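Asker: pasting the sequence and the predicted model now:
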Amino acid sequence: MDINFNKNEDHNRLLASELRQKLSKVALGGGEKRIAKLHTKGKMTARERIEYLLDDNSETLEIGAFVGEDMYKEYGGCPSGGVVVVIGYIHKKQCIVVANDATVKAGAWFPATAKKNLRAQEIAMENHLPIIYLVDSAGAFLPMQDEVFPDKEHFGRIFRNNARMSSMGITQISAIMGSCVAGGAYLPIMSDEAIIVDKTASIFLAGSYLVKAAIGEEIDNETLGGATTHCEISGVTDYKAKDDKDALDKIKNIISKIGAPDNAGFDRIEAVLPKEQEDEIFGLLPSARNKPYDVLPIIERLVDNSDFEQYKEDYGKTILTGYARIDGWAVGIVANQRLVSKNAKGELQVGGVIYSEAADKAARFIANCNQKKIPLVFLQDVTGFMVGSKSEHGGIIKDGAKMVSAMANSVVPKFTVVMGNSYGAGNYAMCGKAYDPRLIVAWPSAELAVMGGAQAAKVLLQIEKASLTSKGEVLTTEKEAELFQKIKKRYDKQISPYYAAARLWTDAIINPLETRKYISMGIEAANHNPITERYNLGVMQV
């Protein structure tokens, strides 16, 4: 190992350490005082409920842990979007669990909360996973009601999805474990089965204060919508639980009796660990995003037995394509190659840039994987497509469109890992969020933006200079440098993986050593839903 390996390793391990610290902070939700207050009421926290519900010592994937990060500061923040979403196992059956965090504004719905709930439902619908809702919410966050209520992707879409999932035969189970008011009351009752915790939970369209104001009736919340009312009088709920654990035990019992799901038939054999040392990824991945490196050794540390069978190895070298296995599952890998290489004409090609030959190769490989029913894994470290007269005259737009079309029309499940750069149209071609990957995760080294920070800052600086010049202002060299740094600092914040994760552009930021687990559990989830569509590239210029 050389000095660069050691420097890279120190840098990337530090990023992984920062990730662990941030996750520890996020896990506290609204803070230790609010957690203690919840415990005094005899209630468990959202994360405690999920931990109790899932099988002991089983693998889990958390979705959207950083949603809301550094957002809504004027309202005191909204850690994890006020809701915890985890894919895990109950009686060895893979499920997705959605739990309101009552320590964050009493579980009220911010815009990010709605977006995260919809993402959880999307995962359930795409993969036919049973979904469990642990409801403890004060309803819409009223100061931001205009951003959660009326639009297509707002609060109401949740209930539309409840109805759609029911028609699709996807199991939905709800436990009302605290407040459940107004429109939010429809979510648990549109589930297949609903459990309510006695004395600590209630559900109604309007609480006692609103009832008094609206029709003059005086009634307490327990009589209005408590467990006894809904289990014995209205028949709205199906089971009464004495406490949180009893409610969760009832969910376990129901899930244990669900029949086996249909199978998509993705190929899996006994898993083998990579032959190469996995944690060497930290030293192989450069500390700077503009440095070239060979992605093949990284692939060899992600795949079973470090075996990667390359497709068109000597053609279109700025993208590597090939077959491998991850935790036993057969996968097709499409990865950006960051080495400078030469094409057949002896021309140098910049690493991380997609050229016509690479786009053509990737499109052909994606079609092959669809024909063979092999899930696709995209490893992103891309700065975009090649520009300039030679590329334009060679038809880069056409070849790029062919790759995007092949990827967008893929019917096998797609999984995306943003390892480094994810810029511009390169993000799209390599299966960014807009192209429906079943899961999209980022390493702490990731950057997502239209272009890199330095380049964007230079462009924005020129625009700012032109604006100031038009007003008769003259920038000194010192002021220009100061303005450049100010612009770059702002832009660099926006390209951070945490900025992306806060807005759910990615499902998670993960330690690179968790990559195999995320892809394996993701394919296992996808295997619940048989492929019924045929792969068709559509009509386009080829």
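Answerer: Sure, I can see it. Residues are numbered from 1 along each chain as shown.
Asker: and for the residue nearest to residue 343 when sequence neighbours are not counted, the neighbour number?
Answerer: Among residues not flanking residue 343 along the chain, residue 349 sits closest, at 5.8 Å (CB to CB, 6 or more residues apart in numbering). C-beta: built from backbone N, CA, C; applies to glycine. By other CB atoms under 10 Å, the residues close to residue 349 number 19.
Asker: with residue 478 instead?
Answerer: 8.
Asker: show me what the helix or strand harbouring it is packed up against.
Answerer: Assigned by DSSP states H and E, residue 478 belongs to helix 477-494. Packing contacts for helix 477-494, counted by 3 or more CB pairs under 8 Å, 6 or more residues apart in numbering; DSSP states H and E, involve helix 453-470.
Asker: hmm, who's touching the helix it packs on?
Answerer: 447, 449-451, 474-475, 480, 483-484, 487-488, 491-492, 495 (CB atoms under 8 Å, 6 or more residues apart in numbering).
Asker: just the CA coordinates for that helix, please, in PDB.
Answerer: Extracted C-alpha coordinates of helix 453-470, given in PDB (Å, rounded to 0.1, in the frame of the first residue of the first chain):
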ATOM      1  CA  GLY A 453     -18.700  23.000  -6.900                       C
ATOM      2  CA  ALA A 454     -15.700  24.800  -8.500                       C
ATOM      3  CA  GLN A 455     -17.100  24.800 -12.000                       C
ATOM      4  CA  ALA A 456     -20.600  25.900 -10.800                       C
ATOM      5  CA  ALA A 457     -19.000  28.700  -8.700                       C
ATOM      6  CA  LYS A 458     -17.100  30.000 -11.700                       C
ATOM      7  CA  VAL A 459     -20.300  30.100 -13.800                       C
ATOM      8  CA  LEU A 460     -22.300  31.800 -11.000                       C
ATOM      9  CA  LEU A 461     -19.400  34.200 -10.400                       C
ATOM     10  CA  GLN A 462     -19.500  35.300 -14.100                       C
ATOM     11  CA  ILE A 463     -23.200  35.900 -13.800                       C
ATOM     12  CA  GLU A 464     -22.800  37.900 -10.600                       C
ATOM     13  CA  LYS A 465     -19.900  39.900 -12.100                       C
ATOM     14  CA  ALA A 466     -22.000  40.800 -15.200                       C
ATOM     15  CA  SER A 467     -24.900  41.900 -13.000                       C
ATOM     16  CA  LEU A 468     -22.600  44.100 -10.900                       C
ATOM     17  CA  THR A 469     -20.900  45.600 -14.000                       C
ATOM     18  CA  SER A 470     -24.300  46.500 -15.500                       C
END
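Asker: need the contact list for residue 163.
Answerer: Counting by CB under 8 Å, 6+ apart, residue 163 has contacts residue 190.
Asker: so what does it look like in phi/psi?
Answerer: Backbone geometry at residue 163, expressed as degrees, to the nearest 10, gives phi -70, psi -40.
Asker: tell me how far it lies from residue 295.
Answerer: Here the criterion is CB to CB, to the nearest Å. By it, residue 163 lies 44 Å from residue 295.
Asker: all strands of the stretch 401-542 of the chain, in order?
Answerer: 414-423, 439-442, 447-449, 508-509 (DSSP state E, counting those that start in this stretch).
Asker: closest one to residue 125 among these?
Answerer: With CB to CB, the closest approach to residue 125 among those belongs to strand 439-442: 14.1 Å.
Asker: got the contact list for that closest one?
Answerer: In contact with strand 439-442 (CB under 8 Å, 6+ apart) are residues 61, 123, 415-418, 422, 431-433, 448, 497, 500-501, 505-510, 515, 518-519, 522.
Asker: apply 6 Å and report the result again.
Answerer: Strand 439-442 has contacts (CB atoms under 6 Å, 6 or more residues apart in numbering) with 415-418, 433, 497, 506-510, 518, 522.
Asker: kindly report the same for stretch 111-130.
Answerer: Stretch 111-130 is contacted from outside by 64, 67-68, 81-83, 85, 95-96, 98, 131, 147-148, 154-155, 157-158, 161, 170-171, 504, 525-526, 528-529, using CB under 6 Å, 6+ apart.
Asker: give me the subset of the residues you listed lying in helices.
Answerer: 157-158, 161, 525-526 (DSSP state H).
Asker: same question for the biggest helix by length in the chain, mean pLDDT?
Answerer: In the chain, taking DSSP H as the definition, the longest helix is helix 3-26. Per-residue pLDDT over helix 3-26 has a mean of 97.
Asker: then that helix to PDB, C-alphas only?
Answerer: What follows is helix 3-26, C-alpha atoms only, in PDB (Å, rounded to 0.1, in the frame of the first residue of the first chain):
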ATOM      1  CA  ILE A   3       1.000   6.800   0.800                       C
ATOM      2  CA  ASN A   4      -2.000   7.800  -1.300                       C
ATOM      3  CA  PHE A   5      -3.800   4.700  -0.100                       C
ATOM      4  CA  ASN A   6      -3.200   5.700   3.500                       C
ATOM      5  CA  LYS A   7      -4.400   9.200   2.900                       C
ATOM      6  CA  ASN A   8      -7.500   8.000   1.200                       C
ATOM      7  CA  GLU A   9      -8.200   5.500   3.900                       C
ATOM      8  CA  ASP A  10      -7.800   8.200   6.700                       C
ATOM      9  CA  HIS A  11     -10.100  10.500   4.800                       C
ATOM     10  CA  ASN A  12     -12.900   8.000   4.000                       C
ATOM     11  CA  ARG A  13     -12.800   6.400   7.500                       C
ATOM     12  CA  LEU A  14     -13.300   9.900   8.900                       C
ATOM     13  CA  LEU A  15     -16.300  10.400   6.700                       C
ATOM     14  CA  ALA A  16     -17.700   7.000   7.900                       C
ATOM     15  CA  SER A  17     -17.100   8.100  11.500                       C
ATOM     16  CA  GLU A  18     -18.900  11.400  10.900                       C
ATOM     17  CA  LEU A  19     -21.800   9.400   9.500                       C
ATOM     18  CA  ARG A  20     -22.000   7.200  12.600                       C
ATOM     19  CA  GLN A  21     -22.100  10.300  14.800                       C
ATOM     20  CA  LYS A  22     -24.800  11.900  12.800                       C
ATOM     21  CA  LEU A  23     -26.900   8.700  12.800                       C
ATOM     22  CA  SER A  24     -26.500   8.500  16.600                       C
ATOM     23  CA  LYS A  25     -27.800  12.100  16.900                       C
ATOM     24  CA  VAL A  26     -30.700  11.400  14.500                       C
END
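Asker: that older thread, out of the strands of the stretch 401-542 of the chain, nearest to residue 324?
Answerer: Comparing the strands of the stretch 401-542 of the chain by CB to CB, strand 414-423 comes nearest, at 12.8 Å.
Asker: next, the buried residues of the following helix or strand past the longest helix of the chain.
Answerer: Sequence-wise, the next helix or strand downstream of helix 3-26 (DSSP H and E) is helix 32-40. For helix 32-40, the neighbour count (16 or more other CB atoms under 10 Å) marks 34-35, 38 as buried.
Asker: gap between residue 446 and residue 128?
Answerer: 30 Å.
Asker: angle of the helix or strand bottoming out on mean pLDDT in the chain against helix 477-494?
Answerer: Ranked by mean pLDDT, DSSP states H and E, the helix or strand of the chain with the weakest confidence is helix 453-470, at a mean of 73. Relative orientation of helix 453-470 and helix 477-494, computed by axes from the mean of the first three to the mean of the last three CA atoms, to 10 degrees: 130 degrees.
Asker: columns pLDDT on top of the ones in helices among the contacts of stretch 111-130, output as TSV?
Answerer: Shown next, in TSV, are the ones in helices among the contacts of stretch 111-130 (pLDDT from 0 to 100):
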residue	pLDDT
157	93
158	93
161	95
525	98
526	98
